[in-house]
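Engineer: Sequence first, predicted coordinates after that:
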Amino acid sequence: MQKHPHFRSQFIKSCVSRFRTEHSSESAKSSMGIPLADAIEQSKRLAAYQAVDNHVLPEHKVIGIGSGSTVPYVVERIIAQGKEVNKGRVFIPTGFQSKQLIVDGGLTLGDVDQYPTIDVTIDGADEVDHALNCVKGGGACHLREKVLAEAAITFVLVADHRKNVQYLGTNFAQGVPIEVVPFAYAKVLQNLHHALGSPKATLRMAVKKAGPVVSDNGNFIIDAPFGREHMNDPYTIMARIKMLTGVVEVGLFCKMARAAYFGNADGSVTIRWNDGKVETINAEQVSEKSN
Ligand SMILES: O=C[C@H](O)[C@H](O)[C@H](O)COP(=O)(O)O
């Protein structure tokens, strides 16, 4: 693998900081006896590597890079394909974080207004259901992510096994991220509480700043939890939320992905395809390809 020391330190930092917020107990162990921290990171890495190996081919010249703590492994694997193949490519970010990953990795940066058709976009997910609907926006990037998902000929999700669920809202309980223009947030909240069936919807507040989270687009984010009756049919609730005046984008991506890759605790990778096929690549095959 080529060396990009600054890039490596950046993506490791990004993984570690996200990781700390996800795991309060650093000493917790997985069922395989591996510290939970390492096991989850390994699952993310395996899913990302396998997805890149299967979908980012030498003929692909315009590549969308998603956001979150799994995506640095995607970029790492793409860099490992070598300078020769990457010099003819342009990479489109979904936000500030992925832009940094692209630049720090020595890759060529582009934007979706220059490249409205993308060969392949690979992105993380907060949760993915049995029909490849997913929740995105845990990092407030879902507006740009959805544009790049739509622009992509092939859109692929990568995640660890905790995100692989039958119904959305199973593990990711904070709710559906909704990007809203700031002045409309109170009205959108009122509509979510009283008209759309999400009485616990809240404005997302920043952690190291007083006040709300502000997205890369200058907007606010509402997190709206919905019950199973809505999550059985995510497209319908997504469309209803999107119709609220002031809503810019909803973090429900319905049947957009060609495939979702999940790294498992035992080192295998499960691939769910949009035709309903489910495939598991065992640990030996995965690690052969990943080392
Ligand atoms: O806004 C953030 C994005 O939708 C992320 O792709 C999503 O939150 C998943 O992130 P992670 O890979 O860190 O679980």
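Structural biologist: Perfect, I can see it now. Residues are numbered from 1 along each chain as shown.

Engineer: what's near enough to touch the residue in the chain positioned nearest to the ligand?
Structural biologist: Among the residues of the chain, Gly68 lies closest to the ligand, at 2.5 Å counting by Cβ to the nearest ligand atom. All C-beta spots, glycine's among them, are computed from the backbone N, C-alpha and C. For Gly68, the contact set (Cβ atoms under 8 Å, 6 or more residues apart in numbering) comprises Arg18, Gln97, Asp123, Gly124, Gly138, Gly139, Cys141.

Engineer: can you do 7 Å?
Structural biologist: Gly124, Gly139 (Cβ atoms under 7 Å, 6 or more residues apart in numbering).

Engineer: try Ala260
Structural biologist: Val128, Leu132, Leu157, Ala159, Arg272.

Engineer: if you set the cut-off to 10 Å instead, what comes out?
Structural biologist: For Ala260, the contact set (Cβ atoms under 10 Å, 6 or more residues apart in numbering) comprises 47, 51, 125, 128-129, 132, 134, 155-159, 163-164, 270-274, 278.

Engineer: With His55 instead?
Structural biologist: Going by Cβ under 10 Å, 6+ apart, His55 touches Ile63, Asp119, Val120, Thr121, Ile122, Thr154, Phe155, Val156, Val158, Arg258, Ala259, Tyr261.

Engineer: His60 too?
Structural biologist: His60 is in contact with Ile78, Val85, Gly88, Arg89, Ile118, Asp119, Val120, Ile153, Thr154, counting by Cβ under 10 Å, 6+ apart.

Engineer: Could you tell me which of the residues you listed belong to helices?
Structural biologist: Ile78, Val85 (DSSP state H).

Engineer: From the contacts of His60, which one has the minimum pLDDT?
Structural biologist: pLDDT across the contacts of His60 is lowest for Gly88, at 94.

Engineer: what about that one, neighbour count?
Structural biologist: Per other Cβ atoms under 10 Å, the neighbour tally for Gly88 reads 11.

Engineer: how close does it sit to Asn171?
Structural biologist: 40 Å (Cβ to Cβ, to the nearest Å).

Engineer: now do Phe253
Structural biologist: Counting by Cβ to Cβ - Phe253 and Asn171 are separated by 17 Å.

Engineer: More neighbours: the two, which one.
Structural biologist: Between Phe253 and Asn171, counting by other Cβ under 10 Å, Phe253 is the more crowded of the two (25 against 11).

Engineer: Who are the contact partners of the residue sitting nearest the centre point of the chain?
Structural biologist: Most central in the chain under Cα atoms, centre = their mean is Gly124, positioned 2.2 Å from the mean C-alpha point. By Cβ under 10 Å, 6+ apart, the residues touching Gly124 are 44, 47-48, 66-74, 94, 134, 136, 138-139, 141, 145, 157-160, 163.
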